[in-house]
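Asker: Quick one: sequence and predicted model below, then my questions.
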Amino acid sequence: MNKPGGNIWVFGDYRNYFQNRVTLQLLSRANDLAPAVGAEVCAVILGHDLDEYVGEYIAHGAKTVYVMDDPALKDYNVERYADITARLSAAHAPGTILVGATAFGREFAPALAKRLGTGLTADCIDLNIGEDGLLVQTAPAFGGNLIADIVTPDARPQMATVRPGTFQEIPHNYTATGRIIRLPLPEGLPPVRVRLVSSRRLPQRTRRLEDASVVICGGRGMGSKTRFRKLFELARFMEGEVGATRPVVHSRWAPQEALVGQAGRNIRPRILLSFGISGAIQHTAALSNADFIIAVNKNPHATMMKMADVAVVADAGQVCSALIRELKARIRE
């Protein structure tokens, strides 16, 4: 078994920076882990006109930032980005590379792992350091029915992608300082086989579940698709977003993007209202960071009820309807 060693690298995905905070969340967790292995937290960023983001990464915990800023890297290309990062890894030997489990990360990280000849644990929901100094990568397995702790004992670097919203970012530190290492574009890059002609960002009509301060989650205990849709009406009154359990999504009562759980979104709202949810582990693992939980269920012994700050033993659909009536009455007043 190889000794862990090496610094912890976080690959910087700066596109849609002000909405997608996963890089900052990973820098935060890397700072938690680094002292246990005597490592330094580094960020790696490729692209063009990057100075603003370099400063942000230092302010959020990066001690060193490797920067490759060149017009040839303005548009993301997985072959080039993976090739360059693999060369950097070979030159500087990081012990760990962390990437956000976004659409970008799910394409980039496997390509990089293949070039490095190392393992990759995808969609992690936690990261820790074991007694042997190895990175313990916690991820859902067997369709979310189990949680597995995975280590990479031999190959280096250790690699993991982590879901947005899993960790809390470090507050912006305006006095933070760090080392910036600017690197030239290497020669012999893979040819660009796919050329970006144009792109545009689609506007988000609602906030992401991960960013919502109020989340209203519903389970099969709502009873039917019609009753479940009342949660969307309640969410409008409370300026919140609607989440759902896996059985609800599979029954097509709610869209896939509403799934809260190991196979879906991790959330950290100020207020979570849970309607008709028993509390399977694949769901509860994704909402442990909620500040205040109100649960409604007929079964007082349900796991969700035990997790709640306020537990209401009642029919979830009836309570939801009552809340909507009360809120409507208050608006009329």
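Answerer: Thanks, I have it.
Asker: secondary structure element for the residue nearest the centre of the chain?
Answerer: Note on the chain: the residue nearest the mean C-alpha position is Pro164, at 1.4 Å, using C-alpha atoms, centre = their mean. For Pro164, there is no enclosing helix or strand under DSSP states H and E.
Asker: then the lowest-mean-pLDDT helix or strand in the chain to PDB, C-alphas only?
Answerer: One helix or strand of the chain scores below all others by mean pLDDT, DSSP states H and E: helix 281-284, with a mean of 84. Output in PDB follows, covering the C-alpha atoms of helix 281-284 (Å, rounded to 0.1, in the frame of the first residue of the first chain):
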ATOM      1  CA  ILE A 281     -31.500   6.400   4.700                       C
ATOM      2  CA  GLN A 282     -31.100   7.300   1.000                       C
ATOM      3  CA  HIS A 283     -33.300  10.400   1.700                       C
ATOM      4  CA  THR A 284     -32.300  11.400   5.200                       C
END
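Asker: Which SSE is immediately downstream of it?
Answerer: Heading C-terminal from helix 281-284 (DSSP H and E), you reach strand 292-297.
Asker: just checking, Leu259 touches Arg265?
Answerer: Yes: look at Leu259 against Arg265 with C-beta atoms under 8 Å: they come within range, at 6.5 Å. C-beta coordinates here come from the backbone N, C-alpha and C atoms, glycine included.
Asker: what's the overlap in contacts for the two?
Answerer: The contact sets of Leu259 and Arg265 overlap at Gly243 (C-beta atoms under 8 Å, 6 or more residues apart in numbering).
Asker: what's the nearest residue to Phe232 if we skip its chain neighbours?
Answerer: Take Phe232 and drop its neighbours on the chain: the residue closest to it by C-beta to C-beta, 6 or more residues apart in numbering is Val242, 5.4 Å away.
Asker: Let me know the helix or strand that Leu272 is in.
Answerer: strand 271-275.
Asker: Direction included, what does that strand pair up with?
Answerer: strand 214-218 (parallel), strand 292-297 (parallel) (DSSP bridges).
Asker: out of the ones you listed, deepest packed?
Answerer: A comparison of those by mean neighbour count, using mean count of other C-beta atoms under 10 Å, puts strand 214-218 on top with a mean of 26.
Asker: Mind checking the pLDDT average for that one?
Answerer: Mean pLDDT, strand 214-218: 95.
Asker: quick one: it to chain centroid distance?
Answerer: What separates the centre of strand 214-218 from the centre of its chain is 18 Å, taken as C-alpha atoms, centre = their mean, to the nearest Å.
Asker: Only alpha carbons, please: show it as PDB.
Answerer: Output of strand 214-218 as PDB, limited to C-alpha atoms (Å, rounded to 0.1, in the frame of the first residue of the first chain):
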ATOM      1  CA  VAL A 214     -37.200  26.900   2.600                       C
ATOM      2  CA  VAL A 215     -37.800  23.400   1.200                       C
ATOM      3  CA  ILE A 216     -41.000  21.400   1.200                       C
ATOM      4  CA  CYS A 217     -40.400  17.700   0.700                       C
ATOM      5  CA  GLY A 218     -43.100  15.200   0.000                       C
END
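Asker: Residues in contact with it: which ones?
Answerer: 209, 228, 231, 234-235, 238-245, 248, 253-254, 260, 267, 269-277, 287, 290, 316.
Asker: Any of those residues buried? List them.
Answerer: Buried subset of the contacts of strand 214-218 (neighbour count, 16 or more other C-beta atoms under 10 Å): 209, 228, 231, 234-235, 238, 240-245, 248, 253-254, 260, 267, 269, 271-277, 287, 290, 316.
Asker: returning to what we had before: burial measure for the nearest residue to the residue nearest to the centre of the chain once chain neighbours are set aside, as a count.
Answerer: Nearest-residue entry for Pro164: Val22, 4.1 Å, with adjacent residues in sequence omitted and distances by C-beta to C-beta, 6+ apart. By other C-beta atoms under 10 Å, the residues close to Val22 number 25.
Asker: quick one: contacts for Val22?
Answerer: Contacts of Val22 by C-beta under 8 Å, 6+ apart are Asp13, Gly100, Ala101, Thr102, Gly105, Val162, Arg163, Pro164, Gly165.
Asker: For PyMOL, what selects the buried ones among these?
Answerer: To isolate the buried members of those in PyMOL, using 16+ other C-beta under 10 Å:
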select buried, resi 13+100+101+102+105+162+163+164+165
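Asker: nearest to Pro171, of the contacts of Val22?
Answerer: Of all these, Gly165 has the smallest distance to Pro171: 16.8 Å, by C-beta to C-beta.
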